[in-house]
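1. take a look and give me a structure for this.
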Amino acid sequence: MKISTKNNEYFYDNNTGLILPGAEVILSIMNIENWKIKSENEIINLLINMDKESIVFYHSWLIKYEDFKSNLTSNNHFSNINEDLIKSSLLHNGFKELILSVTEDCNFRCSYCVYSENFSDTRNHSKNYMNWETAKKAIDIYLNYFKEGKKFNLFREPVFGFYGGEPLLNFDLIKKIVNYIKTIYDGTFILNITTNGSLLTQDIADWLMENNFSIIISLDGDKKEHDRKRSYANHTETFDDVFNNIKYLLKKNYESVYVNSVFDWKTNFEECDSFFKNINLKVANVSEVNKITTKDYYNQFDSKELDLFNEYFSLLEENYVITLKNQGSYLFELIEYPLVSTILNSNILNVDRNLYNFTGSCIPGEKIFVNHKGEFFICERVPEIKSIGNISEGVNFKVISNFIEEYNNNLSFCKECEFSFICNKCFNDFIINNDLKNSSDVCYDEESIMKNFLSRSLNFLEKSQNIVEKNYIKYFNWYNWRD
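-> Reported below is the predicted structural model:
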């Protein structure tokens with residue numbers, strides 16, 4: 001596949017995810033009939049108008065590549081998936097985090113929230129709260145699996161996340177849970193909480209800091225941007241309360257405070273970037289309002305607004321300047337990280353296929369998301385349509401095995417897709433209206449989208465190669481195997 005930028009042409013190989021310059025030479029060689037059995041001199045004579053050194057280099061590389069590719073395809077091991085394989089895989093690499101949804105209640109009614117009353121395909125906020133017995137059983141089960149698998153990775157640490165709704169509405173349970181973990185697990189462990197920030201009183205903030213929580217706060221930008229999308233249940237503004245609580249954490253110089261920020265087609269990205277930089281608040285993630293689970297949100301916009309948004313975003317991307325100080329900024333998460341990581345994570349050294357031939361889905365059980373009833377689900381991002389266990393029986397590895405088989409059977413379009421190797425879609429992209437859809441229904445325009453995105457990514461890297469190499473030095477150290 002040829003990927004073109006403003007100044008160059010690249011060859012993308014979907015068997016390995018490798019991206020190489022010299023697309024014209026590579027494709028010309030590959031278009032020669034029986035090129036694999038022709039000598040170097042025969043190839044040179046057939047491509048007499050091309051640079052000889054380039055032909056020699058890429059012909060030699062292609063010969064080695066063909067051997068590598070044949071070994072790659074012959075070692076495909078995804079056909080025999082069963083519950084024993086699932087359990088073994090999870091014990092080796094799974095059970096990374098237990099996420100406790102301690103309540104489905106929330107004091108906010110954000111216009112884009114998947115759990116608000118605005119969308120019919122998912123549950124709504126409710127007065128359901130997790131109780132102590134449910135939490136305790138979930139923790140015991142998780143730690144039993146974690147300890148069983150720790151022999152495969154001695155340095156792994158258990159992670160406990162608190163989610164909602166608004167988890168601080170059930171703060172007493174959170175405190176009890178943390179105290180319990182301290183009594184039954186004698187190693188180090190990691191705690192995080194995702195909160196809207198409105199209930200972060202000084203006492204609660206002090207306790208979270210004392211217990212070394214990573215505190216992830218949903219904050220969409222300055223007052224105008226945030227209040228436009230995030231309101232209390234009574235429809236009043238939320239920014240002032242949230243920001244006052246954040247200022248206390250910043251005053252304490254607490255390092256582990258991060259922001260999740262959501263944008264739509266009216267967001268002014270430069271104002272958001274300036275706002276977060278001015279208050280010295282780290283941005284962990286910037287994401288667009290989901291176009292699948294909350295697609296009705298976009299009914300408020302017209303085609304002109306979409307065109308203006310696309311034009312604005314393209315201009316912003318074109319004028320973005322990479323520096324060594326960008327990491328953790330709003331624009332870094334919005335522009336630089338997606339573009340650079342797509343290229344640097346694309347090759348076979350970094351892509352983990354798990355038990356899937358296609359897509360970037362995890363193995364259910366890598367995280368365990370527990371609802372208030374004690375049912376286990378895939379994670380906090382995936383609709384709760386497929387329980388993978390519960391606090392009475394533990395993780396159901398057979399259910400996971402069957403679900404993966406069903407999922408793989410729905411990836412029919414992926415076999416033909418030119419970009420299936422680097423696809424990062426997950427279950428969340430294929431579950432629509434509480435039903436697992438076929439990739440042919442979801443990815444009908446995905447090839448053109450990915451081709452355009454790779455072109456943008458490569459064009460972006462070309463502009464600031466030296467700075468990129470300094471910022472992402474670990475990746476470039478991994479690429480020596482090609483030489």
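
2. what are the buried residues along stretch 147-164?
-> By 16 or more other CB atoms under 10 Å, the buried positions in stretch 147-164 come out as Gly149, Lys150, Pro158, Val159, Phe160, Gly161, Phe162, Tyr163, Gly164. All C-beta atoms are positioned from the backbone trio N, CA, C, and that covers glycine.

3. mind listing which of the residues you listed are in strands?
-> Val159, Phe160, Gly161, Phe162, Tyr163 (DSSP state E).

4. as JSON lines, those with distance to Ser464 and pLDDT would be great.
-> Compiled in JSON lines, those are given as follows (distance: CB to CB, whole Å; pLDDT from 0 to 100):
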{"residue": "Val159", "distance to Ser464": "34", "pLDDT": "98"}
{"residue": "Phe160", "distance to Ser464": "39", "pLDDT": "98"}
{"residue": "Gly161", "distance to Ser464": "35", "pLDDT": "98"}
{"residue": "Phe162", "distance to Ser464": "39", "pLDDT": "98"}
{"residue": "Tyr163", "distance to Ser464": "37", "pLDDT": "97"}
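
5. in TSV: those residues, plus distance to Thr238.
-> Output for these, formatted as TSV (distance: CB to CB, whole Å):
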residue	distance to Thr238
Val159	28
Phe160	27
Gly161	23
Phe162	20
Tyr163	19
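
6. isn't Phe275 right next to Lys224, touching?
-> No. In this structure, Phe275 is not within contact of Lys224 by CB atoms under 8 Å, at 9.7 Å.

7. those two - which one has more neighbours?
-> For Phe275 versus Lys224, neighbours defined as other CB atoms under 10 Å are more numerous around Phe275 (21 against 12).

8. now that one. Its backbone dihedrals?
-> Main-chain torsions, Phe275, degrees, to the nearest 10: phi -60, psi -50.

9. which ones are touching it?
-> If a contact means CB atoms under 8 Å, 6 or more residues apart in numbering, then Phe275 has Gly221, Asp222, Glu225, Tyr330 as its contacts.

10. how much space separates the second one from Tyr145?
-> In other words, Asp222. 43 Å (CB to CB, to the nearest Å).

11. likewise the last one?
-> When distance is defined by CB to CB, Tyr330 is 37 Å away from Tyr145.

12. the more surrounded of the two?
-> Tyr330 (25 against 20).

13. hmm, Ser261 and the more buried one touching each other?
-> Yes. Counting by CB under 8 Å, Tyr330 touches Ser261, with 6.7 Å between them.

14. which residues are in contact with both of those two?
-> With CB under 8 Å, 6+ apart as the test, Tyr330 and Ser261 both reach Cys272, Phe276, Val283, Val286.

15. max pairwise distance over those residues: which two?
-> Phe276 and Val286 (9.8 Å; CB to CB).

16. who has more neighbours out of these two?
-> Using other CB under 10 Å as the criterion, Phe276 and Val286 rank with Val286 on top: 26 against 23.

17. so how far is Asn118 from that one?
-> For Val286, the distance to Asn118 - CB to CB - is 22 Å.

18. just Lys463 next, same as before
-> Distance, Lys463 to Asn118, by CB to CB: 40 Å.

19. which other helices and strands contact the biggest helix by length in the chain?
-> Assignment by DSSP state H gives helix 52-74 as the longest helix of the chain. Using 3 or more CB pairs under 8 Å, 6 or more residues apart in numbering; DSSP states H and E as the contact test, the elements touching helix 52-74 are helix 23-30, helix 40-46.

20. alpha carbons only: can I get the first one in CSV?
-> Right, helix 23-30. Extracted in CSV, the C-alpha atoms of helix 23-30 (Å, rounded to 0.1, in the frame of the first residue of the first chain):
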residue,chain,number,x,y,z
ALA,A,23,7.3,3.2,-2.1
GLU,A,24,7.8,3.6,-5.9
VAL,A,25,10.9,1.3,-5.9
ILE,A,26,9.3,-1.3,-3.6
LEU,A,27,6.1,-1.5,-5.5
SER,A,28,7.9,-1.5,-8.9
ILE,A,29,10.0,-4.5,-7.7
MET,A,30,6.9,-6.3,-6.4
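
21. buried residues, that helix. List them.
-> Buried positions in helix 23-30, judged by neighbour count with 16+ other CB under 10 Å: Ala23, Glu24, Val25, Ile26, Ser28, Ile29.
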